[in-house]
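Trainee: pasted the sequence and its predicted model underneath.
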Amino acid sequence: MLNLSKPSVMGVVNLTPDSFSDGGQLHSDHQLNKSKILSTVEKMLNDGADIIDLGGESTRPGAVPVSVEQELERVIPILEALSANFDTIFSVDTSTAEVMRAAATAGAHLINDVRALQREGALQTAVDCGLPVCLMHMQKQPQSMQNNPRYQDVVGEVIEFLEQRKQQCIAAGIRAEQILLDPGFGFGKTLDHNLALFNGLDRLAEQKHPILVGLSRKSMIGQLLDAGINDRLIGSVTMAVLAVQKIHRAGGSVILRVHDVKQTRQALTIWQSVDQSKDGR
Ligand code: 8Y4
């Protein structure tokens, strides 16, 4: 399916009209533009994406909650069109059981759930679908997560949560090899929490599960650089490479969730050449 012996790139395709990462570029008159999405995905694949992540719910702080019907309407027709046209791995960013079930039928290969299958029916649905899952850590809910996040030991607590959710998934019938873990950068974390978590990526890698890392264009980069949403490319790519290096040195495998596939892939090509040269290969 996916060669995890080298870092993988997951390209983000936002199907939410209020998404501020693509500025709603995939939308016209509040309608999803199918041909624009198809060409965006085609470009991401040509640029070196291994996985395409489709999401119909905005999880940014203060975003309007989406109904199940709306999420289905945004994601499923697009996923059907994409899987008919491209032979790649599709991930669906959802916490909703109905969307997971429909997405599995429409050709999804991975469930990416920022709520780590904690919603009603989500865990059982993931088991029934038989798909791999990404379990992400989030403190509280998107609406409230950024108001005064607190931890005694952010790395320990995030690892503890992921370990516990992983055990619940295994108990429910998901195989260990089908589980990816994600510390959830920016989800109920201050800048200091995010930096501590970044430094704890090696400890997360000790769990022996592939690690999904989503740093692309996030506010921690904006805070570090005092840079707006359209000025975070270098910061995002820099953090991506540092994350890859850290996880790789700890013996883990990594998937980078990014908006800028081409630039991330270029940075990884450089990193890989340097890394391979050190063992005389
Ligand atoms: C600019 C652009 C600023 C995007 C912020 C954002 C993750 C994720 C998201 C993640 C996994 C986002 C769905 C937030 N982040 N899934 N999803 N891991 N597994 N914000 O880090 O990209 S959405």
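Mentor: All right, it came through fine.

Trainee: do a quick rundown of the strands in the stretch 51-200 of the chain.
Mentor: Secondary structure of the stretch 51-200 of the chain (DSSP state E, counting those that start in this stretch): strands at 51-55, 89-93, 110-113, 133-136, 179-182.

Trainee: same list (these) but as CSV, adding distance to residue 219 and mean pLDDT.
Mentor: C-betas here are computed from N, CA, C, even on glycine. Output for those, formatted as CSV (distance: least, C-beta to C-beta, whole Å; pLDDT from 0 to 100):
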stretch, distance to residue 219, mean pLDDT
strand 51-55, 18, 98
strand 89-93, 18, 98
strand 110-113, 20, 98
strand 133-136, 17, 98
strand 179-182, 17, 98
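
Trainee: deepest-packed of those strands, please.
Mentor: strand 133-136 (a mean of 27; mean count of other C-beta atoms under 10 Å).

Trainee: pairing partners for that one, with directions?
Mentor: strand 110-113 (parallel), strand 179-182 (parallel) (DSSP bridges).

Trainee: could those go into CSV alongside distance to residue 197?
Mentor: CSV is the format used below for the strands paired with strand 133-136 (distance: least, C-beta to C-beta, whole Å):
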stretch, distance to residue 197
strand 110-113, 18
strand 179-182, 11
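
Trainee: pipe those strands into CSV and attach distance to the ligand per row.
Mentor: CSV is the format used below for these (distance: least, C-beta to the nearest ligand atom, whole Å):
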stretch, distance to the ligand
strand 110-113, 5
strand 179-182, 4
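
Trainee: right, and those - which one's nearest residue 7?
Mentor: Nearest to residue 7 among these is strand 179-182 (13.4 Å), distances taken as C-beta to C-beta.

Trainee: which non-adjacent residue is nearest residue 174?
Mentor: Nearest residue to residue 174, sequence neighbours excluded (C-beta to C-beta, 6 or more residues apart in numbering): residue 127, at 5.9 Å.

Trainee: again with residue 187
Mentor: In space, residue 187 is closest to residue 138, 3.8 Å off (C-beta to C-beta, 6+ apart).

Trainee: quick one: the one you found and residue 115 touch, right?
Mentor: Yes - if you go by C-beta atoms under 8 Å, residue 138 and residue 115 touch, sitting 6.7 Å apart.

Trainee: right, and the helix or strand after the helix or strand harbouring residue 239?
Mentor: Using DSSP states H and E, residue 239 maps to helix 233-249. With elements assigned by DSSP H and E, the helix or strand that comes after helix 233-249 is strand 254-258.

Trainee: and that following strand, what other elements does it pack with?
Mentor: Here strand 254-258 touches strand 8-14, strand 211-214, helix 233-249, helix 261-277, going by 3 or more C-beta pairs under 8 Å, 6 or more residues apart in numbering; DSSP states H and E.

Trainee: what angle do it and strand 8-14 make?
Mentor: Angle of strand 254-258 versus strand 8-14, following axes from the mean of the first three to the mean of the last three C-alpha atoms, to 10 degrees, is 30 degrees.

Trainee: what pairs with strand 254-258, parallel or antiparallel?
Mentor: In the sheet, strand 254-258 lines up against strand 8-14 (parallel), strand 211-214 (parallel) (DSSP bridges).

Trainee: to residue 182, which of the ones you listed lies closest?
Mentor: Among these, strand 211-214 comes nearest to residue 182, with 4.2 Å by C-beta to C-beta.

Trainee: buried residues in that closest one, which are they?
Mentor: 211, 212, 213, 214 (16 or more other C-beta atoms under 10 Å).

Trainee: and those near the ligand, which?
Mentor: 212, 214 (C-beta under 6 Å from any ligand atom).

Trainee: still on that earlier bit, could I get the strands paired with strand 254-258 as a markdown table with mean pLDDT and distance to residue 165?
Mentor: Shown next, in a markdown table, are the strands paired with strand 254-258 (pLDDT from 0 to 100; distance: least, C-beta to C-beta, whole Å):
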| stretch | mean pLDDT | distance to residue 165 |
| --- | --- | --- |
| strand 8-14 | 97 | 20 |
| strand 211-214 | 98 | 14 |
